[in-house]
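Visitor: Sharing a model prediction with you, sequence too.
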Amino acid sequence: MQKIGFIGTGAIADAMVSGLLAKPAAVSQVTISPRNAQIAQRLAADFAEITVAVDNQAVIDASDMVVLAVRPQIAQEVLSGLTFRKGQSVLSVIAATDRKTLLDWIGADVHLVQAIPLPFVADRDGVTAVFPPDPPVAALFSVLGTAVECETKEEYDLLAAASSLMSTVLGIMDVSAAWLEQRGLAKGKGRAFIAPLFASLSQTALRSDTVPLEELSGEFATKGGLNEQVLSDFQNNGGRDALVLALDRVLARIQGA
């Protein structure tokens, strides 16, 4: 149990705090900045462990670990002028901002770890990339779901690119559900069928983690069957190439930033 502070009270900070303080609480004290007063006050009302600080410096002073959870566009402005303790643990969840830039903005010899938490950490069901490997941070995110520790910046960037698939996967579900309803299925039944179908496929991939995904795909694509037909149409009509291109482009954006 440790004292954690959050600079920034946006959606990811909200999700992390909610997950950490769900019963049983994973930390003893959380100090949050007042930047988003509405979220800060709601969290303080929901959890007795929360204190809303008067400013960001007060968050740092009260915390063993400080989580930087502000938008990259304003990160330099927010961090400039703040004083961190030498050796203080700092966890950055700021997107698309490299380690050297963060340390320059912080201006102190801190213990810096980066992570990419996703909204699902609110329900302790998230998967979070962590760089560099750090047992305390990994343990923290293990409470919130699963932690994947990256040995190199290249690994971390690749997982950051993979995290950009969320909207696309939901978009595929939306197109599928809409197609069902446009062809006569009662409204709502498409989503009621598609969402559990995707969830079951994810569980199959998790349970069979030693089996290559290509092999799993082949098991569902019976020779001459419907799944094989759709997979073939997807690949032959540029679906695979479009997905690879999109991932390459987002990776280039991450590494360029």
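Guide: Yep, that arrived.
Visitor: which regions of the stretch 1-150 of the chain lie under the pLDDT threshold?
Guide: 1 (pLDDT under 70).
Visitor: all strands for it, in order.
Guide: For the stretch 1-150 of the chain, applying DSSP state E, counting those that start in this stretch gives strands covering 3-7, 29-32, 50-52, 65-68, 89-92, 111-116, 126-131, 145-149.
Visitor: Of these, which is nearest D233?
Guide: strand 126-131 (30.1 Å; CB to CB). Where C-beta positions appear, they are placed from N, C-alpha and C, glycine not excepted.
Visitor: Work out the gap between the closest one and the centre of the chain.
Guide: Put simply, strand 126-131 sits 7 Å off its chain's centre (CA atoms, centre = their mean, to the nearest Å).
Visitor: tell me the angle of that strand relative to strand 145-149?
Guide: On the basis of axes from the mean of the first three to the mean of the last three CA atoms, to 10 degrees, strand 126-131 is oriented at 20 degrees to strand 145-149.
Visitor: Strand partners (parallel or antiparallel) of strand 126-131?
Guide: Applying DSSP bridges, strand 126-131 is found paired with strand 111-116 (antiparallel), strand 145-149 (parallel).
Visitor: Going by neighbour count, which residues in the first one are buried?
Guide: Of the residues in strand 111-116, those scored as buried under the neighbour-count criterion (16 or more other CB atoms under 10 Å) are L112, V113, Q114, A115, I116.
Visitor: For V66, give the beta-bridge partners.
Guide: G5, V90.
Visitor: before we move on, the earlier item: quick one: the strands paired with strand 126-131 as a markdown table, columns for distance to L226 too.
Guide: Converted to a markdown table, the strands paired with strand 126-131 look like this (distance: least, CB to CB, whole Å):
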| stretch | distance to L226 |
| --- | --- |
| strand 111-116 | 36 |
| strand 145-149 | 33 |
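Visitor: quick one, which of those strands is nearest to A95?
Guide: A95 lies closest to strand 111-116 among these, at 7.6 Å (CB to CB).
Visitor: follow-up on the earlier one: may I see the strands of the stretch 1-150 of the chain organised as a markdown table, with distance to E155 added?
Guide: As requested, the strands of the stretch 1-150 of the chain are arranged in a markdown table below (distance: least, CB to CB, whole Å):
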| stretch | distance to E155 |
| --- | --- |
| strand 3-7 | 25 |
| strand 29-32 | 30 |
| strand 50-52 | 34 |
| strand 65-68 | 21 |
| strand 89-92 | 17 |
| strand 111-116 | 12 |
| strand 126-131 | 7 |
| strand 145-149 | 9 |
